[in-house]
Each structure stands twice: as C-alpha cells, then as structure tokens.
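**Q** 3D, please:
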Amino acid sequence: MKLMAKTRNIGISAHIDSGKTTLTERVLFYCGEIHKIEDVRGGGDGAKMDHMELEKEKGITITSAATTVYWRGLEEKGTTFAEGIEKDTRVNIIDTPGHVDFTVEVERSLRVLDGAILVLCSVSGVQSQSITVDRQMRRYKVPRLAFLNKMDRMGANAFKGRDALIEKLNHNAVLMQHPIGSEEDFCGMVDLVTMKAYYFDGDNGEKVRVEECPADILDAATELRGEMIDKVAEFDDEVMEAYLEGNEPSEADLHKCIKEGVNTHKLTPVYCGSAFKNKGVQLLLEAVARYLPSPLECAKPTAIDADTGDHVTLQPDKAKDLVCMAFKITDEQFGQLTYTRIYQGTLNKGETVWNTRTGKKTRIGRMVRMMSNDRANIDEAHAGDIIALVGVDCASGDTFVGTDDLTNLSCEGIHVPIPVIELSISCKDKGDQAKLSKALSRFLKEDPTFHVFTDEESGETRIAGMGELHLEIYVERIKREYGAEVIVGAPQVNYRETIRMETVFDYTHKKQTGGSGQFGQVVGILRPLVEEEKEKEDQVFRFHNQIKGGSIPTEFLGACEKGFQDVMDKGPLAAFPLINCEIFLKDGRSHDVDSSDMAFRIAARQAMRQAVRAADPVLLEPVMKVEVTTPDEYQGSVIGDLSSRRGMIQGSETDPTGEVIVNAEVPLSEMFGYSSDLRSMSAGKATYTMEFSRYVDCPSNIQEKVMAERAEKLAND
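**A** Numbering: from 1, shown residues only. Below is the predicted model of the structure:
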C-alpha cells in the first residue's frame with residue numbers, strides 16, 4: 001500500500017508543438033534517468049521519448065511512449081519546498097502525440113491514467129487540439145494540472161493563459177505562481193503558497209535557488225495570492241470559515257484544499273515555466289507529487305460483468321484477485337509488446353492468466369518496466385502499476401484476470417473515432433505482397449483507428465484513417481520497416497448517407513417452392529434521429545421493439561433487427577454507409593410453419609430498403625475544423641483560399657506575437673493538398689491543424705458529382 005501511495009500515473013498532453021516531449025525530457029533529466037538533455041529537433045540522438053526514426057525526422061510524437069521516474073523532491077538540493085511530500089515518488093509517465101491524426105494514442109493513454117498535465121503554449125494559449133485533449137480528459141474523468149510552457153517567448157503571458165483556460169475550456173483555473181520577468185527576461189517564479197522566489201541555475205537549470213520574493217513584484221504577488229486563496233479555500237469548510245473570519249490559511253491547509261479541488265475535478269492549478277530553457281519543471285514535479293492522486297486516491301475503476309451488465313468496482317489492493325487491462329500493443333522483433341495497467345491484485349512472472357475476451361489461458365513470460373524504447377526486467381507488478389508484457393498474444397483493450405471466477409469481467413474500452421479518409425494501396429512487385437500483408441496486419445492490430453478492407457467491386461486493398469498524415473506515416477513505415485515498395489492511390493473521402501423524413505413501411509416476404517416456404521411480415525416506422533439524440537462521431541442505428549400481442553414471435557425479433565441493420569452498410573444513393581436512422585417495429589405477421597429467422601431477416605431487409613428510398617435520402621460529407629496560424633500579411637490570402645474551398649470562416653484573432661489565427665470549417669474533400677498550397681501562399685511561414693468536426697449535407701451539385709463518380713467507378717469495376 002505504501003508503494004501505491006507513492007505512485008503517480010500521469011499523462012502529458014497538449015496541442016501539437018506545445019512542448020510536451022521537451023517537458024518530458026527535462027523530467028527525465030531532473031529525476032536522474034538521463035544524463036544529457038537532447039532536443040526534439042536538430043542534432044544529437046533526439047529526445048528520449050521520440051524513439052522512432054520518423055519521430056526524430058519530423059520532430060513530432062507519433063506514438064505514445066511510457067517511462068518510469070522517481071522524484072526525490074527539492075529538499076536534496078537545499079530547499080524545504082517538498083516538506084510533506086513522500087520521498088521517492090514513483091511517476092509513471094506517458095508522453096502522448098499532439099497531432100489530431102494520432103488522437104487514439106491520447107484516448108487509450110488517458111483511459112488508464114490517474115492524472116494528467118495539460119501543457120499550453122503561454123503565447124498561443126488554448127488552441128484547437130487543446131480543446132480536444134481537454135474533452136478527452138473530461139471523458140475519462142482525469143484530474144489535471146496546467147503548465148504554461150514557453151514563458152521565455154515573445155508575447156508570453158501567464159495571465160492570458162489562465163484566462164483562456166477559464167473562458168475557452170470552462171476550467172476553474174487558478175495561478176499557483178507569479179512569473180519573475182517576462183519573455184526573454186523570464187528567470188523564475190514566486191510560489192504563491194510559500195511566497196518564496198525560485199530561480200534555476202546551472203547549465204541545465206538543475207540548481208534550484210530559493211530567495212525571498214523580489215520587492216518590485218511583492219504587491220502583485222500578494223494580490224494574486226489572495227485571489228488564489230479565495231478560490232482554493234472553498235474546498236474545505238473549516239478553512240473557508242476561518243478565512244472569512246480573517247485567519248490566514250496555513251501552508252498545510254492550502255495544500256489540502258488544492259488537492260481536494262484537483263481530485264474532485266473542480267480546480268485546475270496553473271503553473272508556468274520554460275521547459276526548453278530549463279525553468280519551472282522541478283516545481284511542476286512537486287505539484288504532481290503533492291496534488292495528483294495515487295492509485296489509492298483516484299476514482300475507483302470499474303469493470304463490466306458480462307453476465308449481468310452491472311459495473312463492478314475494482315480495488316487497488318495487491319492481495320485481491322488480479323484484474324488488468326492491455327491498453328496498447330506493438331509488434332517487435334521478439335514478439336508482441338503489450339502495455340498493461342494493473343487495476344487489482346498482483347501479476348507475477350511465469351503465472352497463468354485468463355483473457356476474458358477469448359476465454360483462453362495465457363502464461364506470462366517476460367515482464368518489463370518501460371523507459372521509452374528501453375526496458376528493465378521485473379518479476380512482479382502490483383495494482384497501480386503500468387508495465388509491459390513481452391510475447392503475449394492479445395488485442396488492444398483485452399482484460400486479463402488471475403482466476404477463472406472473474407472471466408465474466410471486462411474493463412471498459414476506449415472511445416475510437418471513425419476514420420474519415422481512405423486510399424488504395426498495392427505492391428509494385430508481387431513478391432512484396434506478403435510483406436504488405438504482414439505490415440497491414442500489424443498496424444491493424446496496433447491502431448484501432450486504422451482500418452484495412454477490400455473493395456468488393458474492384459478487389460483492391462484500401463486503408464482508412466484519421467487524416468493524410470496518419471496514412472502517410474503508415475505508408476512510410478511499410479517502406480522502411482518492411483522493405484515493401486507500394487503504390488498509393490489518391491485519397492478519398494468517407495462520405496455517409498442518411499434520411500431526412502419519417503416514412504412508414506409494410507412489407508411481406510412470401511416464398512413458396514414446395515414443402516415449407518418462407519413467410520414474414522414487418523410493419524413499422526423509419527425516422528431520422530433528431531439532432532440531440534445523435535452521438536457525435538459514431539455511426540448510429542437504433543432499433544425499438546414495439547410489438548404487442550405477439551404478432552411477431554419473440555424468437556424472430558433478433559432476425560428482424562439484423563435485417564434492418566444489414567441495409568445500414570450501403571445507402572441507396574452511392575452505396576456509402578447509412579447513419580442516424582431509427583426503426584420502430586410496430587406490427588407484423590408470422591406463419592406457424594413457413595416463418596423462420598431467415599424469412600424475417602429478408603422481410604426486414606427489403607422493408608428497410610424501400611423505406612430508405614422513400615425517406616428523402618441525402619449524402620453527407622465530413623467537415624473538418626481547421627485552424628491556420630499565419631503572419632498578418634497573408635491573412636487575406638488564407639481566408640480567401642479557405643472560402644474558395646467552401647470553407648465557413650468561424651472567426652480570427654491576433655496572438656501576442658502578431659500572428660493571426662484563422663478558424664474555419666471546411667469539407668474534407670477540399671483540403672487535399674492544402675499543406676503545399678498553404679506553404680506556397682505564405683512563403684512557408686503559415687501552419688495549420690485540422691480535425692474532424694461533423695457530417696453535414698452535401699450541396700446538391702456536389703452530391704450529384706459524387707454519385708456520378710461513384711456510379712462510374714462501380715460500373716468500371
């Protein structure tokens with residue numbers, strides 16, 4: 001229990017290029033895990049956590065990486081800041097990608113973490129992917145701290161960063177530090193709990209110097225401290241009552257209130273610093289150790305009982321029966337590497353466990369603790385641990401238990417966004433076909449947002465994913481890691497179809513060929529889902545059984561539902577999947593001899609086809625949320641270009657550096673090749689991010705064009 005109390009499982013998440021990996025590199029250095037700091041871009045071996053060659057080349061994180069460090073507190077360096085913090089706090093860290101194309105890495109990491117650091121650029125504040133990451137943290141109810149990075153840059157402003165958290169993300173954000181200096185003169189910060197000033201000396205900021213608060217900012221820091229106390233005192237009634245009576249809360253009281261606010265998701269403490277300039281990282285580690293929950297303190301995870309559908313609470317107790325979850329898998333030279341979070345019990349090397357999805361027994365061979373791409377062998381792991389298993393064959397999201405009494409349990413899975421872009425892929429040389437198949441099988445197993453399928457009409461292999469970069473990375477990995485030369489077709493948009501009006505259906509399937517025949521009648525209503533009932537990013541079909549009096553026997557209702565759902569795979573306009581349809585089965589008839597599952601499935605299928613055609617079907621196209629950051633002189637060109645791509649400009653704002661941020665919603669079909677066009681029109685100075693927003697009706701001319709192209713393709717195939 002003591003080890004669990006000293007454990008923190010945290011993730012570092014942010015908008016792309018906010019400094020997550022740079023921050024993690026400093027954490028590794030200050031915890032003694034590495035002895036030389038490498039930069040994400042340029043020179044050396046690259047950042048420790050970006051171990052893939054593609055990550056080092058592109059300067060971005062593609063896959064999440066895990067590591068374990070031990071934070072021993074600042075008191076060893078001559079300060080008393082860490083008083084009250086357990087020594088040797090073990091911090092399991094997962095550094096996640098910032099690019100939206102790899103968002104599933106963030107999803108599955110947050111699913112198994114107890115806390116997180118939301119990193120923001122102190123110049124740009126809350127950006128588009130910051131909003132997505134925050135939504136993911138809320139989905140998994142992860143307590144978080146905020147870190148305003150890049151305080152040394154021109155235009156950096158901690159107060160605007162805090163305000164952006166409040167205004168754009170609706171956080172109860174409170175600054176825990178007052179910066180000393182600004183922009184290039186930023187040199188440290190005043191901790192508002194202790195009112196001490198902290199400076200970071202030495203070549204790598206490893207020497208923390210503590211002094212009194214500078215006189216020139218004492219009044220401002222004191223005022224900011226009062227604002228902080230006003231916000232945090234409300235998390236303890238006794239502290240609040242004493243404060244209202246004029247009694248200043250003690251440091252211990254403030255720490256207790258802040259921790260309560262963080263762990264109830266009602267407070268976001270905001271820290272500031274510059275990871276690149278080695279300032280403020282140690283104080284952030286102190287906050288992680290002090291305020292983020294241990295496995296004993298965080299909200300208890302649950303598993304679903306497959307027999308009853310009930311939620312079963314898991315206890316972070318190493319003496320109980322084992323329950324753990326495989327949340328990420330990668331294939332390596334010596335077998336599959338399975339990243340695993342242990343929620344309950346103890347896992348020992350050599351023991352046998354049950355995979356609750358397959359029902360099969362699995363023997364645990366080698367167990368390792370990860371250090372990015374390096375690893376250390378271990379013989380056992382307990383509740384609260386994040387480790388990796390070597391050579392265990394399973395899928396991402398599988399649950400393992402230590403006794404066959406628990407094989408009905410399944411840890412809840414992760415949210416997987418639907419792919420919005422696809423392209424064809426084939427080999428130049430038929431001899432490479434086996435390599436391509438092996439690569440696609442591996443990526444399909446590793447990444448839930450990566451899809452592989454065979455086009456029924458053309459017979460060509462197609463891959464689908466979250467964006468152009470997502471698929472580009474996989475194509476490049478096929479070439480590099482498997483030596484297969486592949487030919488890639490033009491990207492295609494994943495359109496959808498839906499209906500716009502309610503319609504009634506009444507269909508009888510009747511077939512007599514001698515002997516027993518087939519008979520089934522279904523009567524009901526098909527209607528579109530109203531806006532508030534739609535589940536964002538999910539393909540939705542709902543079936544409601546409203547049969548009364550047994551006009552359709554209960555044993556055939558499942559066949560009816562399957563028949564209706566069969567039609568959802570191909571809509572009537574261009575054979576794209578149907579979404580957002582709702583069926584009410586109200587009546588029907590059966591025959592004592594001729595009715596069967598097959599008869600009712602066929603009846604439902606035909607009824608659905610007729611109903612969809614009569615329900616004003618429309619084609620839907622994916623619309624992307626696009627954020628372009630450009631120098632002011634190119635603003636007009638950028639906005640004009642987005643408008644020409646059928647984009648809807650949502651607004652623009654100027655950041656403190658003078659660059660303009662343009663927000664727009666643009667159909668995905670118009671965004672192919674945008675990266676090159678943007679570079680050309682801005683002399684390479686503008687950047688953009690893009691993520692899926694929603695599906696909307698295609699304009700009639702676009703719908704006709706897509707339908708004609710689709711019909712031509714199907715005819716040629």
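**Q** what's the distance between S682 and S675?
**A** According to C-beta to C-beta, to the nearest Å, S682 stands 11 Å off from S675. For glycine as for every other residue, the C-beta is placed from the backbone atoms N, C-alpha and C.
**Q** In terms of neighbours, single out the busier of those two.
**A** For S682 versus S675, the count of surrounding residues by other C-beta atoms under 10 Å is larger for S682: 21 against 14.
**Q** ok, how many other residues are close to the nearest residue to the more buried one once chain neighbours are set aside?
**A** In space, and not counting its chain neighbours, S682 is closest to Y634: 4.4 Å by C-beta to C-beta, 6 or more residues apart in numbering. The local packing of Y634 (other C-beta under 10 Å) involves 20 other residues.
**Q** Thought A686 was touching Y634, still the case?
**A** Yes: counting by C-beta atoms under 8 Å, A686 is a contact partner of Y634 at 6.0 Å.
**Q** which element is I258 on?
**A** helix 251-263 (DSSP states H and E).
**Q** elements contacting the strand ranked longest in the chain?
**A** For the chain, the longest strand by residue count, based on DSSP state E, is strand 617-630. With contacts taken as 3 or more C-beta pairs under 8 Å, 6 or more residues apart in numbering; DSSP states H and E, strand 617-630 sits against strand 496-499, helix 635-644, strand 660-667, strand 687-697, helix 700-716.
**Q** Show me what the shortest one packs onto, helices and strands only.
**A** If I follow you right, that is strand 496-499. For strand 496-499, the elements it packs on are strand 518-528, strand 617-630, judged by 3+ C-beta pairs under 8 Å, 6+ apart.
**Q** how about a cut-off of 7 Å?
**A** In terms of contacts (3 or more C-beta pairs under 7 Å, 6 or more residues apart in numbering; DSSP states H and E), strand 496-499 is packed against strand 617-630.
**Q** all strands of the stretch 51-200 of the chain, in order?
**A** Under the criterion DSSP state E, counting those that start in this stretch, the stretch 51-200 of the chain contains strands at 65-71, 89-95, 115-121, 144-149, 173-175, 177-180, 188-191, 196-201.
**Q** Quick check: which of these is nearest to G155?
**A** When these are compared by C-beta to C-beta, strand 115-121 sits nearest G155, at 9.7 Å.
**Q** and that closest one, how far from the chain's centre?
**A** 14 Å (C-alpha atoms, centre = their mean, to the nearest Å).
**Q** can you check stretch 642-655 too?
**A** 26 Å.
**Q** what do you get for stretch 672-689?
**A** With C-alpha atoms, centre = their mean, you get 26 Å for stretch 672-689.
**Q** hey, C-alpha coordinates of that stretch in PDB?
**A** Provided in PDB are the C-alpha atoms of stretch 672-689 (Å, rounded to 0.1, in the frame of the first residue of the first chain):
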ATOM      1  CA  PHE A 672      -6.400  17.500 -50.100                       C
ATOM      2  CA  GLY A 673      -3.000  19.100 -50.900                       C
ATOM      3  CA  TYR A 674      -3.700  22.100 -48.600                       C
ATOM      4  CA  SER A 675      -0.300  21.800 -46.900                       C
ATOM      5  CA  SER A 676       1.600  22.500 -50.100                       C
ATOM      6  CA  ASP A 677      -0.800  25.300 -51.100                       C
ATOM      7  CA  LEU A 678      -0.500  27.000 -47.700                       C
ATOM      8  CA  ARG A 679       3.300  26.900 -47.900                       C
ATOM      9  CA  SER A 680       3.200  28.500 -51.300                       C
ATOM     10  CA  MET A 681       0.900  31.300 -50.400                       C
ATOM     11  CA  SER A 682       2.700  32.200 -47.100                       C
ATOM     12  CA  ALA A 683       6.300  31.600 -48.100                       C
ATOM     13  CA  GLY A 684       6.300  28.700 -45.800                       C
ATOM     14  CA  LYS A 685       5.500  30.800 -42.700                       C
ATOM     15  CA  ALA A 686       1.900  29.600 -42.000                       C
ATOM     16  CA  THR A 687       0.900  26.400 -40.300                       C
ATOM     17  CA  TYR A 688      -2.400  24.600 -39.800                       C
ATOM     18  CA  THR A 689      -4.100  21.900 -37.800                       C
END
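**Q** buried residues in that stretch?
**A** Under the neighbour-count criterion of 16 or more other C-beta atoms under 10 Å, stretch 672-689 has 672, 674, 678, 681-682, 686-689 buried.
**Q** need the residues you listed in JSON lines with distance to V208, can you?
**A** Below are those laid out as JSON lines (distance: C-beta to C-beta, whole Å):
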{"residue": "F672", "distance to V208": "50"}
{"residue": "Y674", "distance to V208": "45"}
{"residue": "L678", "distance to V208": "43"}
{"residue": "M681", "distance to V208": "47"}
{"residue": "S682", "distance to V208": "42"}
{"residue": "A686", "distance to V208": "39"}
{"residue": "T687", "distance to V208": "35"}
{"residue": "Y688", "distance to V208": "39"}
{"residue": "T689", "distance to V208": "35"}
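**Q** From those residues, pick the one nearest M367.
**A** Nearest member of the buried residues of stretch 672-689 to M367, counting by C-beta to C-beta, is T689, at 38.1 Å.
**Q** my read: the closest one touches I16, true?
**A** Yes: if you go by C-beta atoms under 7 Å, T689 and I16 touch, sitting 6.3 Å apart.
**Q** Deepest-packed of the strands of the stretch 51-200 of the chain, please.
**A** Mean neighbour count (mean count of other C-beta atoms under 10 Å) peaks for strand 144-149 among these, with a mean of 28.
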